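Participant: 3D, please:
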Amino acid sequence: MRYRLNLTIAGMFLFSVLACAPSANHNTGSGLTVGILNEFPDAPNYIKKRTLVFMHDKKGYDSGRFKDVLTQSASTFILSKGYRVIEVADRTGLDDGLADMILQIQPLDIYKQAGTRGYGFYDRAILGIVIKQPARSYVCMNVNLYRKGSIFNKRTGRQENFSKLAFTELPESPDQLTAEQKASMSANLEQNIRDTILRVLPMLGF
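Facilitator: Here you go, the predicted model:
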């Protein structure tokens, strides 16, 4: 009887301890500061790829607009986890005390598609007739997380995200886009950026 009573008391004590303990899956920044190092280019790529011709044009887009969306998306997500956020130009913020962690967002080429670094708009056809890859926006990145006092860093590796545009083929030049097409493309890429950030940052423990 005494044995059972002891087990009951021990069980009640353990339950009370676990009930008061924070969840292991609950992420909280506890006031730590994360420095965002966004290395993406200011302008997105505008790419039409053909069997024998590769055209690459960056004209006609707001410089800095999409890079700002990327920084803001990362900042909003990290702030929601209880961290403070600053923007940094390099990783020296870990050494001078400005940040406890540095989040480095690196632009990469789409796998086996040289010249697609970072983000932009893309289509691909064979012989200029058959559409193999319809027009879409894309984002391609690797994200590194550096912690103060640690020689190790976390990384996501290459992360790609694609989103089909409202039309099948890009005009030969962005100068040929209508105002409606530009607005649709911009909204598509901005949402693609946000979706990519929401998918990628939890890989680093946020």
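Participant: average pLDDT across the longest strand seen in the chain?
Facilitator: For the chain, the strand with the greatest residue count under DSSP state E is strand 130-147. Taken as a whole, strand 130-147 has a mean pLDDT of 89.
Participant: how about stretch 199-206?
Facilitator: Here stretch 199-206 scores 97 as its mean pLDDT.
Participant: repeat for stretch 34-50
Facilitator: For stretch 34-50, the mean pLDDT works out to 91.
Participant: all helices of this protein, in order?
Facilitator: Ranges of helices within the chain are 2-20, 65-79, 179-200, based on DSSP state H.
Participant: quick one: contacts of the second one?
Facilitator: Around helix 65-79, the neighbours that count as contacts under C-beta atoms under 8 Å, 6 or more residues apart in numbering are 29, 34, 36, 38, 40-44, 85, 87, 103, 105, 119, 186, 189-190, 193-194, 197-198, 201, 206. Using the backbone N, CA and C atoms, a C-beta is placed for each residue, glycine as well.
Participant: switch the cut-off to 7 Å
Facilitator: With contacts defined as C-beta atoms under 7 Å, 6 or more residues apart in numbering, helix 65-79 is touched by 34, 36, 38, 40, 42, 44, 85, 87, 103, 105, 119, 189-190, 193-194, 197-198, 201, 206.
Participant: starting at the chain centroid, how far to it?
Facilitator: Remark: helix 65-79 is offset 9 Å from the chain centroid, using C-alpha atoms, centre = their mean, to the nearest Å.
Participant: quick revisit: output the longest strand of the chain as CSV - backbone C-alpha positions only.
Facilitator: This file holds the C-alpha atoms of strand 130-147, laid out as CSV (Å, rounded to 0.1, in the frame of the first residue of the first chain):
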residue,chain,number,x,y,z
VAL,A,130,7.6,24.1,-78.0
ILE,A,131,7.4,25.4,-74.4
LYS,A,132,9.3,23.1,-72.1
GLN,A,133,9.2,25.2,-68.9
PRO,A,134,6.4,27.9,-68.9
ALA,A,135,7.0,31.4,-67.5
ARG,A,136,7.5,31.4,-63.8
SER,A,137,9.1,33.3,-61.0
TYR,A,138,11.9,31.6,-59.0
VAL,A,139,13.9,32.0,-55.8
CYS,A,140,17.1,30.1,-55.1
MET,A,141,19.2,30.6,-51.9
ASN,A,142,21.3,29.1,-49.2
VAL,A,143,21.0,30.5,-45.7
ASN,A,144,23.7,30.3,-43.1
LEU,A,145,23.2,30.9,-39.4
TYR,A,146,26.3,32.0,-37.4
ARG,A,147,26.3,32.1,-33.6
